[in-house]
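In: coords please:
(chains A and B)
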There are 2 protein chains.
Amino acid sequence: MPRYKLTVEFDGGPFVGWQRQENGASVQAAMEDAVNALTGAPALVYGAGRTDAGVHALAMVAHVDIEKDYGADVVCNALNQHLRPAPIAVLAAEQVSNDFHARFSCIRRAYEYRIVNRRAPLTLERGHAWRVTARLDADAMNAAAQTLVGLHDFSTFRSVQCQSKSPVKTLEEISVSRAGEDVILRCAARSFLHHQVRSITGSLVEVGRGKWRARDLKAALEAKSRDACGPVAPSDGLYFRRADYETS
Amino acid sequence: MPRYKLTVEFDGGPFVGWQRQENGASVQAAMEDAVNALTGAPALVYGAGRTDAGVHALAMVAHVDIEKDYGADVVCNALNQHLRPAPIAVLAAEQVSNDFHARFSCIRRAYEYRIVNRRAPLTLERGHAWRVTARLDADAMNAAAQTLVGLHDFSTFRSVQCQSKSPVKTLEEISVSRAGEDVILRCAARSFLHHQVRSITGSLVEVGRGKWRARDLKAALEAKSRDACGPVAPSDGLYFRRADYETS
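Out: Sure thing, here's the model as predicted:
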C-alpha cells in the first residue's frame, strides 16, 4: 500500500489543534476526512507534531497510506479539493517507503514564534501573531536565550498537562531577531515538551521588556519548577515551521 | 481646532472600501464613529486615497479635526479603543497644521500587490494575497512593467467607473520581484486611476505566465482601450502602502 509524505500548511485559528479530539474540529480529522473523500476508505493521518488549539503550521509533515496508487500529484490536488473550505493546504506530496513515519522518523522539529512589538492593535496579522506593547530588546532576548541551548531539564517550561516521560530535552538552537516591529523567535530540537516554545517565548519577553535579566532566565531554568516560568505566550503567534528526516 | 494626521492600517476584508457608502461598513465610517465616541461630536475623516472593497492598507493616511486638544497620544489610543473589534488600527497620530489635507496635500501614493505563486490553496494568507498557480517569471514582469513608467494615457488600465477627469497620469515607479513563492509588485504615483494597480497587475501576470510578451503590454497601453486590458487582479492582494507629503 503506497505511503505518502504530505507537507501541510494550516491556519490553526478554527481548530482545537492537530490531533483529533471530541470537543471540536481538528486538522487531523479534516485531513482524514479528505483522504476518505478521495478513497472511500477510512484513513489514518499521522503528523510530525501535535499542535495546540490556535497554533499554525507553515510546513507540518504528515503521512498516510492510500490503497490505490493514485500518484503524488493526484493525491495532493484531490486532498486540497476535498479540504475546502478549511484553511488547510497540502503544499507537497511524495511517495515514500513504508518505514517512513511522520512522527517516529522525525529527527528535528522547528518552530517559529511571531511577535508584533507595537502599541496599535493587530489588524492584518490578528490571530497570526502576539502583539506585545512594551518595547522589546531583541538582542537581549537572543543573548539570554542561548543559556537554554543544549541538554537541560526543562520542567520550568513544561505544561502541567505534558505527557512526555522526561522533562530532559536537548534544545539544538534558538534565536531571536528583530525586523522592524516584528520580533521573531526560532528554535529547533528533536522534540519539544508541551507548551515549551510558548513558555520559553513568554519568559524571553520578560527579558526583552527589561523585567528579567539573563541571569533570571538562567535561574528559572535551573529552578526546574513550573512556578519559575514567565507568562505563557498565546497560541496565535506560534508556527510549526519544519520537520526534518534522515532520509528526505 | 486641532487637526490630526492619522496613519491607519486595516484589513479590507469586511469593508465595502475606505469611503462611506450606503451598502455596507466602510473604514471611513468606522473611523468617524470612533472619533464621535471620543468627542461626542460628529466627525469627518478624510483619507489620502479611496480603496475598493477588500483592499487593505499598511499605512493609509487620514486627517480629522477634533475640537478639544486631547493630544496625539490620547487620540491614538482612544480611537484604537473605540475601533474595536473592527480590524482597523491607528498606528500613529500627530498634530498638524490646518492647511494639511490627507487627500489634497498628498504628493505621492504607493501601493503593493501580493501574489502567492503556487498550486496549493492559501490558508494563512487567505484574503490577503492572490494565488496564481501558473509559474510566473517575475523578472520578465519587472522588465515589461518599465514600459508603463512615465506620463501615459492609462485608459487601458482604468475601470469604466473611474471618475478621474483625465486618464493621463504619471507612473513614477513600478517593480516586480520574487521572494520564494511570493511575487510582489510595488508602484508609486502622485495619483492613480480606479482599478489601475489591479488592471496593471492582471496584465503583468499575463506577461509572467508567458501568455503576453513585453511588446503585448506596450501594445495594450498604446491601445488606450479598456478592451486591451488583461484580467483585473482581485482586491485581496492589494495594499495601500504609503502616502507622502511635502511637509511631513
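
In: so how far is the first residue of stretch A:113-131 from its last?
Out: Taking Cα to Cα, to the nearest Å, the first and last residues of stretch A:113-131 lie 11 Å apart.

In: what does stretch A:217-236 give?
Out: End-to-end distance of stretch A:217-236: 23 Å, with Cα to Cα as the criterion.

In: do that stretch and chain B meet at all?
Out: No - using Cβ under 8 Å from any Cβ of the partner chain, we find that stretch A:217-236 stays clear of chain B, coming within 11.7 Å at best. C-beta here means a position set from N, CA and C on the backbone, and glycine is covered the same way.

In: could you give me the buried positions within that stretch?
Out: A:217, A:220-221, A:224, A:226, A:228-230, A:232-236 (16 or more other Cβ atoms under 10 Å in any protein chain shown).

In: list the contacts of that stretch.
Out: A:12, A:52-55, A:113, A:115, A:127-130, A:144-145, A:147-148, A:152-160, A:167, A:195, A:198-199, A:201-207, A:212 (Cβ atoms under 8 Å, 6 or more residues apart in numbering or on different chains).

In: can you flag which of the buried residues of stretch A:217-236 belong to helices?
Out: Taking DSSP state H as the definition of helices, the buried residues of stretch A:217-236 contribute A:217, A:220-221.

In: for A:Val64, what are its contacts?
Out: Residues in contact with A:Val64 (Cβ under 8 Å, 6+ apart) are A:3-4, A:6, A:31-32, A:35, A:43-46.

In: quick check: closest non-adjacent residue to it.
Out: Residue nearest to A:Val64 in three dimensions, not counting chain neighbours: A:Val45, with 4.7 Å by Cβ to Cβ, 6 or more residues apart in numbering or on different chains.

In: filter the contacts of stretch A:217-236 down to just the buried residues.
Out: The buried subset of the contacts of stretch A:217-236 (16+ other Cβ under 10 Å) comprises A:12, A:52-55, A:113, A:115, A:127-130, A:144-145, A:147-148, A:152, A:154-159, A:167, A:195, A:198-199, A:201-207, A:212.

In: restricted to strands, list those.
Out: When DSSP state E is applied, these are split such that A:113, A:115, A:130, A:152 fall in strands.

In: I figured the third one hits A:Leu136, correct?
Out: No - the pair formed by A:Trp130 and A:Leu136 falls short of the contact definition of Cβ atoms under 8 Å, at 11.0 Å.

In: overlap of the contact sets of these two?
Out: A:Ile115.

In: for chain A, just list every one of the strands.
Out: Using DSSP E, the strands of chain A run over A:3-10, A:45-47, A:56-65, A:88-96, A:106-117, A:130-132, A:150-153, A:168-179, A:182-189, A:238-245.

In: so the fifth one, near chain B or not?
Out: It stands for strand A:106-117. No - using Cβ under 8 Å from any Cβ, we find that strand A:106-117 stays clear of chain B, coming within 10.5 Å at best.

In: quick one: distance of that strand to the chain centre.
Out: 6 Å (Cα atoms, centre = their mean, to the nearest Å).

In: buried stuff in it?
Out: In terms of neighbour count (16+ other Cβ under 10 Å), strand A:106-117 has its buried residues at A:106, A:108-117.

In: who does it pair up with?
Out: Next to strand A:106-117 in the sheet, as set by DSSP bridges, lie strand A:130-132 (parallel), strand A:182-189 (antiparallel), strand A:238-245 (antiparallel).

In: residues in contact with the second one?
Out: Defining contact as Cβ under 8 Å, 6+ apart, one finds that strand A:182-189 is touched by A:108-117, A:129, A:132, A:136, A:138, A:141, A:145, A:169-178, A:197, A:200-201, A:204, A:208, A:241.

In: switch to 7 Å and redo it
Out: Applying Cβ atoms under 7 Å, 6 or more residues apart in numbering or on different chains, the contact partners of strand A:182-189 are A:108-117, A:136, A:138, A:169-177, A:197, A:201, A:204.

In: chain B contacts on chain A?
Out: Residues of chain A lying close to chain B by Cβ under 7 Å from any Cβ of the partner chain are A:9-11, A:56, A:80, A:84, A:87-91, A:120-121, A:123-124, A:126, A:128.

In: one more time with 8 Å, if that's ok
Out: Remark: the part of chain A in contact with chain B comprises A:9-11, A:56, A:58, A:76-77, A:80, A:83-84, A:87-91, A:118-124, A:126, A:128, using Cβ under 8 Å from any Cβ.

In: which of those count as buried?
Out: Buried by 16+ other Cβ under 10 Å: A:9-11, A:56, A:58, A:76-77, A:80, A:83, A:87-91, A:118-124, A:126, A:128, out of the residues of chain A next to chain B.

In: what about A:Ser166, neighbour count?
Out: Neighbour count of A:Ser166, defined by other Cβ atoms under 10 Å in any protein chain shown: 9.

In: quick one: contacts for A:Pro111?
Out: Check again: residue A:111 is Tyr, not Pro. The contact partners of A:Tyr111, taken as Cβ under 8 Å, 6+ apart, are A:186-188, A:192, A:197, A:238-241.

In: what residues are bridge-paired with it?
Out: Judged by DSSP bridges, the bridge partners of A:Tyr111 are A:Cys187, A:Phe240.

In: give me the pLDDT for it.
Out: Looking at A:Tyr111, its pLDDT reads 98.

In: got it, and A:Phe192?
Out: With respect to pLDDT, A:Phe192 scores 96.

In: excluding covalently adjacent residues, which one is nearest to it?
Out: Among residues not flanking A:Phe192 along the chain, A:Arg109 sits closest, at 6.4 Å (Cβ to Cβ, 6+ apart).

In: could you check how far that neighbour is from A:Arg103?
Out: 10 Å (Cβ to Cβ, to the nearest Å).

In: mind listing the shared neighbours of the two?
Out: Both A:Arg109 and A:Arg103 are contacted by A:48-49, under the criterion Cβ under 8 Å, 6+ apart.

In: quick one, what contacts A:Gly237?
Out: Applying Cβ under 8 Å, 6+ apart, we find A:Gly237 in contact with A:113-115, A:128-130, A:201.

In: in TSV: the strands paired with strand A:106-117, plus mean pLDDT.
Out: Putting the strands paired with strand A:106-117 into TSV (pLDDT from 0 to 100) gives the following:
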stretch	mean pLDDT
strand A:130-132	98
strand A:182-189	98
strand A:238-245	97
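
In: neighbouring contacts of stretch A:164-172?
Out: Contact with stretch A:164-172 is made by A:108, A:148-155, A:158, A:187-194, A:196, A:224, as judged by Cβ under 8 Å, 6+ apart.

In: got a list of contacts for stretch A:39-48?
Out: Counting by Cβ under 8 Å, 6+ apart, A:6, A:8, A:18-19, A:27-28, A:31-32, A:35-36, A:60-68, A:101-103, A:106, A:109, A:240, A:243 sit against stretch A:39-48.

In: and with 7 Å instead?
Out: Residues lying outside stretch A:39-48 but in contact with it, judged by Cβ under 7 Å, 6+ apart, are A:18, A:28, A:31-32, A:35-36, A:60-64, A:66-68, A:101-103, A:106, A:109, A:243.

In: any idea how far A:Thr156 is from A:Leu136?
Out: Note on A:Leu136: its distance to A:Thr156, by Cβ to Cβ, is 21 Å.

In: same check, this time on A:Ala102
Out: Separation of A:Ala102 from A:Thr156 (Cβ to Cβ): 29 Å.

In: same check on A:Ser164?
Out: Using Cβ to Cβ, one gets 14 Å for the distance from A:Ser164 to A:Thr156.

In: could you do A:Ala92 as well?
Out: From A:Ala92 across to A:Thr156, the span is 37 Å (Cβ to Cβ).
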